[in-house]
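J.: can't give you the sequence, but here's the structure:
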């Protein structure tokens with residue numbers, strides 16, 4: 001797929017959340033310029049009715065006003081094939097089955113992985129691209145058929161042999177009217193003498209995509225025999241075209257023209273194959289470049305986020321540093337004041353202590369004097385006690401003498 005094709009893709013996004021919707025739109029617009037958006041199911045359906053050329057719809061199942069499943073039903077009522085991707089944070093089994101029955105293209109859970117969503121869209125775009133190329137091929141074949149219509153006998157049939165088209169020359173030779181064509185089968189015009197095994201073998205080759213060429217015996221409506229030099233090829237899953245010329249000398253020139261037409265068709269197919277191969281290689285290179293680009297963007301985003309985080313952290317640290325400096329200065333001033341007060345207090349206490357020391361010396365001297373006096377007093381008391389004891393002893397002796405003297409006097413009487 002080239003950018004010209006992607007630029008033509010129109011995507012409708014239906015999402016309640018403005019934030020989620022913006023994320024989806026911003027992500028997809030890098031690859032698909034034509035994005036339509038709606039905030040609810042009703043708005044989405046109105047946009048669809050006004051833009052029937054929408055290629056892909058992405059809708060949340062839980063949108064407001066008109067649910068995603070009902071929105072899908074309305075879309076399928078008018079278009080059975082438009083790709084429809086549903087997104088939701090949660091989904092019931094019954095709802096999922098109903099969505100599958102409505103031919104939903106894909107389901108992506110929330111939170112949406114943009115990478116997975118792009119893969120789904122890429123797959124849908126690839127299918128549409130091949131459909132577009134196929135349509136171009138059909139137009140090319142139609143042009144070629146128109147070119148050979150005047151010179152060749154042409155008829156178209158499906159895999160069941162049901163004939164859907166005969167050109168004028170084929171109708172004239174076979175004897176059938178245009179109105180009778182759609183009721184004809186290949187078996188009605190092929191001669192009954194042709195063995196079935198040859199017919200079946202030819203069908204097998206055609207269904208496998210091979211080109212078949214050869215002379216064949218046919219029969220007219222009236223039962224007359226005629227011969228055709230045929231080239232039969234497959235155009236799509238259910239469509240086969242026969243280009244034939246009558247095998248008469250008069251038709252040698254027409255047969256040569258047939259050969260040129262077939263060669264041109266083969267060259268066209270070869271060119272298309274080469275273009276597809278080149279396109280696949282370019283897509284692969286583009287995918288690698290896209291992955292590299294996205295990886296670079298992600299790395300830059302991570303670095304940017306990390307840088308923002310570091311700046312915020314640095315600012316935070318600077319703010320904390322300023323706060324700590326202020327707190328430290330305040331703390332130091334407070335402590336300085338406390339120290340000054342403490343020093344003043346120490347000086348006062350020092351003076352008090354000096355006075356106390358002086359008084360202590362005086363008291364110590366007084367105490368020593370008192371001790372000395374006390375010692376002298378104790379010595380004096382001790383001496384006096386000795387004297388008292390001596391006096392007591394003298395008195396006691398005198399008392400004893402008196403007692404003894406009285407006893408002697410009593411005995412004398």
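T.: Yes, it's here. These figures come from a predicted structure and were not determined experimentally.
J.: Buried ones in stretch 211-223, by neighbour count?
T.: For stretch 211-223, burial by neighbour count (16 or more other Cβ atoms under 10 Å) applies to 212, 216, 218, 219. Every residue, glycine included, has its C-beta placed from N, CA and C.
J.: which helices and strands does whatever helix or strand the third one lives in pack with?
T.: Read that as residue 218. Following DSSP states H and E, one finds residue 218 within strand 212-219. Using 3 or more Cβ pairs under 8 Å, 6 or more residues apart in numbering; DSSP states H and E as the contact criterion, the elements in contact with strand 212-219 are helix 196-207, strand 225-236.
J.: could you give the angle of the first one to strand 225-236?
T.: When axes from the mean of the first three to the mean of the last three Cα atoms, to 10 degrees is applied, the directions of helix 196-207 and strand 225-236 differ by 30 degrees.
J.: So which elements touch helix 196-207?
T.: For helix 196-207, the packing partners by 3+ Cβ pairs under 8 Å, 6+ apart are strand 212-219, strand 225-236.
J.: Kindly reformat these as JSON lines and extend each row with mean pLDDT.
T.: Formatted as JSON lines, these follow (pLDDT from 0 to 100):
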{"stretch": "strand 212-219", "mean pLDDT": "90"}
{"stretch": "strand 225-236", "mean pLDDT": "88"}
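J.: Let's have these in a markdown table, adding distance to residue 275.
T.: Formatted as a markdown table, the entries for the helices and strands packed on helix 196-207 read as follows, by distance: least, Cβ to Cβ, whole Å:
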| stretch | distance to residue 275 |
| --- | --- |
| strand 212-219 | 26 |
| strand 225-236 | 18 |
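J.: of those, which approaches residue 180 most closely?
T.: Nearest to residue 180 among the helices and strands packed on helix 196-207 is strand 212-219; the distance by Cβ to Cβ comes to 14.6 Å.
J.: And the contacts of that closest one?
T.: Counting by Cβ atoms under 8 Å, 6 or more residues apart in numbering, strand 212-219 makes contact with 174, 189-194, 202, 205-206, 225-233, 244, 247, all of which sit outside it.
J.: Compare the helices and strands packed on helix 196-207 and give me the one nearest residue 339.
T.: strand 225-236 (100.2 Å).
J.: quick one: strands adjacent to the next helix or strand after the closest one?
T.: Scanning forward in sequence from strand 225-236, with DSSP H and E defining helices and strands, the next element found is strand 239-246. When pairing is defined by DSSP bridges, strand 239-246 lines up against strand 153-157 (antiparallel), strand 225-236 (antiparallel).
J.: Show the pLDDT at the most centrally placed residue in the chain.
T.: The geometric centre of the chain, computed from its C-alpha atoms, lies nearest to residue 113 (Cα atoms, centre = their mean), at 2.2 Å. Per-residue confidence (pLDDT) for residue 113: 83.
J.: From what I see, residue 137 and residue 272 are in contact.
T.: Yes - here residue 137 reaches residue 272: they are 7.3 Å apart, a contact under Cβ atoms under 8 Å.
J.: Would you show me how to pick out the buried ones of the contacts of strand 212-219 in PyMOL?
T.: To isolate the buried members of those in PyMOL, using 16+ other Cβ under 10 Å:
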select buried, resi 174+189+190+202+206+226+228+229+230+231+232+233+244
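J.: Any regions of the stretch 101-250 of the chain where pLDDT drops low?
T.: Residues of the stretch 101-250 of the chain that meet the criterion pLDDT under 70 lie in 145, 147-150, 236-237, 248-250.
J.: Which parts of the chain belong to which domain?
T.: Domain ranges of the chain: 3-132, 135-274, per automatic domain parsing.
J.: what's the most buried one of these?
T.: domain 3-132 (a mean of 16; mean count of other Cβ atoms under 10 Å).
J.: any idea how far residue 319 is from residue 232?
T.: For residue 232, the distance to residue 319 under the criterion Cβ to Cβ, to the nearest Å works out to 84 Å.
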